[in-house]
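Peer 1: coordinates only, sequence not included:
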């Protein structure tokens, strides 16, 4: 794998199958992490897309544990080499896949706390705001997302103002997504509250709530917001369809028993016939998350402490 003596298809398959087998308890988590180390110098976009997706999943599972910081350190180490190879600037030799991969890798490197990557994104955004320097379309989302990740209240307001002044739907969607990235829970609360205003289309409200729910720094904020605003959300989306099913599926992200218990209690007291199946599936997935974490947290902690 490390020397790429087997095909990209096989490299992708080995890693992806190992991840799946780790989730069902067949492969040990320390063996999976050891395997991932051999992908640090991977160059194939298809393989990297899959590796990055599975690393994201592990970070999600470990987000509410003492392993969070060390898992993010491990993730930065995984992405640093390919990020240096790709860089921020497009190359004439770039394939369409490499252009997609660049934004994928840089975003993850920043999400997992690489200060240089975040600083570069902020510099690009500052030049865009103050000098009218255009941002390459391929990295525009990355720049917005990482700029808001560690933003101050005033920087957040700048991004929000950019949204309110944007005329293109694509640009507005891009900025709304960026507003779900702050690590500051107060700013995420502001984003959630903004999602119910008249400045946000109703289908974008769902996008915002789900975006905040995937933010590993404040996973419970979105659920608390859903509960506190259930009357309005049920009024908008409760008749059925994708909207209500997406909102209740937030339960599938829970990794702590107290959160799952709260979720079950809420929907035992709140009838949602149009999303009953999604609720049951979310409960099942959350229970699997909790079981996996209970079985693997000690071994994961030991491996990360020994190898980082």
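Peer 2: Right, received. Where do you want to start? Worth saying up front: this structure is predicted, and the values here are computed from it rather than measured.
Peer 1: C-alpha only now, for contacts and for neighbours.
Peer 2: Will do.
Peer 1: mind checking the pLDDT average for stretch 196-213?
Peer 2: Per-residue pLDDT over stretch 196-213 has a mean of 96.
Peer 1: neighbouring contacts of that stretch?
Peer 2: Stretch 196-213 has contacts (CA atoms under 8 Å, 6 or more residues apart in numbering) with 164, 173, 176-177, 179-181, 188, 191-192, 194-195, 218-223, 236, 243, 246-247, 250.
Peer 1: how about residues contacting the host helix or strand of residue 32?
Peer 2: Taking DSSP states H and E as the definition, residue 32 sits inside helix 29-37. Outside helix 29-37, the residues that touch it by CA under 8 Å, 6+ apart are 15, 18-19, 22, 51, 78, 296, 299-300, 303.
Peer 1: flag the shaky bits of the chain, pLDDT-wise.
Peer 2: By pLDDT under 70, the chain has no low-scoring segment.
Peer 1: tell me the centre residue of it?
Peer 2: residue 214 (5.1 Å; CA atoms, centre = their mean).
Peer 1: contact partners for that residue?
Peer 2: 60, 253.
Peer 1: okay, now residue 125: neighbour count?
Peer 2: 22 (other CA atoms under 10 Å).
Peer 1: residue contacts, it?
Peer 2: Contacts of residue 125 (CA under 8 Å, 6+ apart): 135, 143-144, 147.
Peer 1: once you drop chain neighbours, what's closest to residue 66?
Peer 2: residue 301 (8.0 Å; CA to CA, 6 or more residues apart in numbering).
Peer 1: dump the contacts of residue 125 to JSON lines, plus secondary structure, distance to residue 156 and neighbour count.
Peer 2: Listed next are the contacts of residue 125 as JSON lines, based on DSSP: H, G, I helix; E, B strand; the rest coil; distance: CA to CA, whole Å; neighbours: other CA atoms under 10 Å:
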{"residue": "135", "secondary structure": "coil", "distance to residue 156": "19", "neighbour count": "14"}
{"residue": "143", "secondary structure": "helix", "distance to residue 156": "13", "neighbour count": "28"}
{"residue": "144", "secondary structure": "helix", "distance to residue 156": "11", "neighbour count": "23"}
{"residue": "147", "secondary structure": "helix", "distance to residue 156": "9", "neighbour count": "29"}
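Peer 1: any idea which of those is the one closest to residue 103?
Peer 2: residue 143 (9.1 Å; CA to CA).
Peer 1: go ahead and confirm that closest one touches residue 126.
Peer 2: No - look at residue 143 against residue 126 with CA atoms under 8 Å: they stay out of range, at 10.1 Å.
Peer 1: returning to that earlier point: show me what counts as buried in the helix holding residue 32.
Peer 2: Neighbour-count burial for helix 29-37, with 16 or more other CA atoms under 10 Å as criterion, is recorded at 29-30, 33, 35-36.
Peer 1: tell me where the chain has strands.
Peer 2: With strands called from DSSP state E, the chain shows none.
Peer 1: for it, which helix is longest?
Peer 2: helix 276-307 (DSSP state H).
Peer 1: for it, which positions count as buried?
Peer 2: Those would be 278-280, 282-283, 285-293, 296-297, 300-301, 303-304, for helix 276-307 by 16+ other CA under 10 Å.
Peer 1: coming back round to it: drop anything exposed from the contacts of stretch 196-213.
Peer 2: Buried among these (16+ other CA under 10 Å): 173, 176-177, 179-181, 188, 191-192, 194-195, 218-223, 243, 246-247, 250.
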